[in-house]
Every structure is written in structure tokens, then in C-alpha cells.
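Colleague: just the structure for this:
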Amino acid sequence: MRATLLAVLLSLASAAGYALAAVAQSRLAAAPGGARALLARPLWWWAVGLNAAGALTHVAALHHGPLTLVQPLGALTLVAALPVGAYYERRRVSRAEWRGALWTVGGLLGLVAVVGPAAPGDALSFPEALAVAAVTAVAIAALVRRGGLGGRGGLGLATASGVAAGVASALTQTVMASVARELPGGPAPWWRTALLVGLVSVFATGGLLLSQAAFRGGLAAPLAVVNLANPAAAAVIGVALLGETFRLGPVGWLVAAAAGAVAAHGVVLLTTGRPAPLPVPAPRGPEPDPGPVTP
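Modeller: Okay, the predicted model is just below:
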């Protein structure tokens with residue numbers, strides 16, 4: 001009972017950390033300058049630290065509780081980020097945004113509920129890890145090329161960010177198996193482990209920078225897409241390469257498809273439900289000269 005309660009508390013802390021990091025990134029998205037300008041801003045490093053804290057507490061939660069409990073609670077990141085982001089924008093969360101968040105979270109919960117985890121210790125082999133990294137790099141390049149830097153195009157960047165994060169998680173599992181000398185195919189030499197660590201760093205950093213660019217189009221919809229693409233990418237890798245499957249057989253596949261449609265509807269609501277910013281009044285020109293005053 002204590003372990004379950006600790007897992008819940010750690011999961012909530014992880015969701016809060018990710019939500020605060022997303023809000024910080026969205027505030028930085030409107031600032032001028034590129035990546036170098038971000039490195040000079042303390043708020044960026046706060047966002048990086050909050051993302052790292054969210055990841056560490058998520059791992060700790062998985063140590064104390066089952067995946068079926070921890071993963072759904074992670075979906076609360078979106079619910080927590082909405083009011084915080086609206087507070088900094090000095091507005092209220094619209095009803096459409098709340099509905100979109102609930103639809104998206106519902107879809108995420110449905111997807112997580114039917115994905116059966118692989119056996120403990122299962123990980124990609126070294127050739128599989130390289131193949132996944134190569135295919136993912138090509139897919140991310142295509143998404144970035146078509147994504148643009150804002151509006152609906154930013155959802156492509158958000159998708160790329162979520163995919164990068166999901167692949168980084170799968171590769172991290174492979175790194176842990178390599179360090180423990182339990183990698184499929186036998187123990188790997190040190191340079192293979194170093195290469196895997198490098199790939200994890202590239203995808204994790206790339207996912208962070210891609211989400212930063214995606215937030216130029218707003219907070220809620222890109223964050224929802226990131227939260228959806230991350231477990232979806234991990235699920236594809238798990239089903240295709242790690243022997244995972246959807247629970248309930250063919251019914252599970254139907255539930256997963258329906259959950260994806262529900263989440264997609266939520267993303268559409270979040271994209272269209274954000275209130276338009278208040279118009280800024282035009283500066284007033286100089287008062288006209290009334291001319292000489294006659295008595």
C-alpha cells in the first residue's frame with residue numbers, strides 16, 4: 001500500500017514537473033533569437049531542469065508502482081499545464097480547451113490501457129537499435145520539413161518531438177540492458193554502449209528543441225500531440241520488436257484505434273479552442289493643432 005501511494009505521489013510530481021517545463025518553454029517560444037539566445041536565458045535552464053526532474057521522478061514511480069498505474073497519471077501533464085499557462089497569459093482556460101484536454105487524456109488512457117508490457121528486461125538488440133534510430137531520424141526530418149514553425153504546422157514539430165522522446169526511452173532501455181550485459185545477442189563491447197548513449201542524447205536533446213519550436217504555435221495543442229506521440233512511438237516499437245501486444249486480441253486493436261481517434265479529436269479542439277489574443281490598440285498620434293484661440 002505504501003509503495004502504491006509513493007508511486008502515485010511520484011507520478012503526480014513528474015506530471016507537475018513536465019507541465020511547468022512546458023509552460024516555461026512556451027513562454028520562451030515567443031522570445032526573439034535562436035538556440036544560442038535560449039542558452040543565455042535562465043528560464044531555459046529551469047525548463048531543462050524541470051524536464052530532467054520529471055523524467056527522474058517518472059522512473060522512480062515505475063520502480064515503486066506498476067506501469068498500468070504510472071503511465072495514465074503521466075497524462076495529467078496536459079491538465080496541469082492548461083491553467084498554469086493561462087495564468088501567465090492572464091486569461092481563463094476556455095471550455096473548448098477543457099473539453100479538448102479531457103478528450104485527449106481519455107484517448108491516452110485508452111491507448112495505455114490496452115498495451116501489454118513486454119517481459120521484464122526485454123530490450124532492442126544492437127542492430128535493431130540502429131535500425132530504429134535510422135528510421136526515426138528519417139521520419140523526424142520529414143516531419144520537420146513539413147511542419148513549419150507555428151500554427152497547425154507546429155503540430156508536425158510536436159509529433160517529431162514526441163517520437164524522438166519515445167525512441168529515446170526505448171534506446172535507454174537498451175543501454176541499461178547493455179550495461180547489465182543482458183543485451184540480446186550477448187554482451188556488447190564498450191563502443192557499442194557508448195554509441196547507444198550518444199543516440200539517446202541526440203534524440204532526447206532533439207525532442208526538447210523540437211518541442212520548444214512547436215510551442216511557437218501555442219501550448220495546449222502541441223503539448224497534447226507530444227504526450228500522444230511519445231507513448232504511440234514506444235508502443236509501435238514494443239509491438240513490432242519487443243513482443244508486446246494489445247490486450248484482448250483483435251478487440252484491443254479496435255480499442256487502440258478508437259482511443260487514437262478520441263485523442264485526435266481532443267487535439268483538434270485544443271487547436272481551435274484557444275481564445276484569440278486581445279487586440280492591441282493602435283498608438284494615438286499627436287493631437288491636431290486647434291489653431292489660434294479667438295476671444
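Colleague: what segments of the protein are strands?
Modeller: 115-116, 245-246 (DSSP state E).
Colleague: least reliable of these going by mean pLDDT?
Modeller: Least confident of these, judged by mean pLDDT, is strand 115-116 with a mean of 62.
Colleague: need the pLDDT of the closest residue to L50 other than its chain neighbours.
Modeller: Computed as Cβ to Cβ, 6 or more residues apart in numbering, the closest residue to L50 that is not its neighbour in sequence is A21, at 3.7 Å. (C-beta placed from N, C-alpha, C; glycine too.) With respect to pLDDT, A21 scores 91.
Colleague: same question, the one 5 residues further on
Modeller: What the model reports as pLDDT for S26 is 88.
Colleague: would you check that R192 makes contact with S178?
Modeller: Yes. Counting by Cβ atoms under 8 Å, R192 does reach S178; the two are 6.8 Å apart.
Colleague: more neighbours: which of these two?
Modeller: Neighbours were counted for R192 and for S178 using other Cβ atoms under 10 Å; S178 has more, 25 against 17.
Colleague: grab the most central residue of this protein for me.
Modeller: When Cα atoms, centre = their mean is applied to the chain, the residue found nearest the centroid is V226 (3.3 Å).
Colleague: and the contacts of stretch 167-176?
Modeller: For stretch 167-176, contacts defined as Cβ atoms under 8 Å, 6 or more residues apart in numbering pick out 122-126, 129, 132-133, 136, 183, 193, 196-197, 199-200, 203-204, 207, 230, 233-234, 237-238.
Colleague: now do it: distance to the chain's middle.
Modeller: Counting by Cα atoms, centre = their mean, to the nearest Å, stretch 167-176 is centred 16 Å from the centre of its parent chain.
Colleague: got the buried residues for it?
Modeller: Neighbour-count burial for stretch 167-176 flags 167-175 (criterion: 16 or more other Cβ atoms under 10 Å).
Colleague: what about those, which are in helices?
Modeller: 167-175 (DSSP state H).
Colleague: so for those, which is the shakiest by pLDDT?
Modeller: For those, the pLDDT minimum is Q173, 79.
Colleague: how near is that residue to E97?
Modeller: Using Cβ to Cβ, to the nearest Å, Q173 is found at 34 Å from E97.
Colleague: re earlier: how many neighbours does the residue nearest to the residue nearest to the centre of the chain when sequence neighbours are not counted have?
Modeller: Sequence neighbours aside, G162 is the residue nearest to V226 in space, at 4.3 Å (criterion: Cβ to Cβ, 6+ apart). The tally of other residues near G162 (other Cβ under 10 Å) stands at 27.
Colleague: which pLDDT value goes with G162?
Modeller: With respect to pLDDT, G162 has a value of 90.
Colleague: do I have it right that A81 meets P222?
Modeller: No. Counting by Cβ under 8 Å, A81 does not reach P222; the two are 10.5 Å apart.
Colleague: more crowded one of the two?
Modeller: P222 (33 against 25).
Colleague: who's in contact with L199?
Modeller: 129, 133, 171.
Colleague: from Q173, how far off is it?
Modeller: Noted for L199: a distance of 12 Å to Q173, by Cβ to Cβ.
Colleague: what's R181 in contact with, if anything?
Modeller: P187.
Colleague: what are the boundaries of the helices in the stretch 101-250 of the chain?
Modeller: Counting by DSSP state H, counting those that start in this stretch, the stretch 101-250 of the chain has these helices, from start to end: 126-147, 154-179, 190-214, 220-241, 250-272.
Colleague: out of the ones you listed, nearest to A60?
Modeller: Closest to A60 of the helices of the stretch 101-250 of the chain is helix 154-179 (Cβ to Cβ; 14.5 Å).
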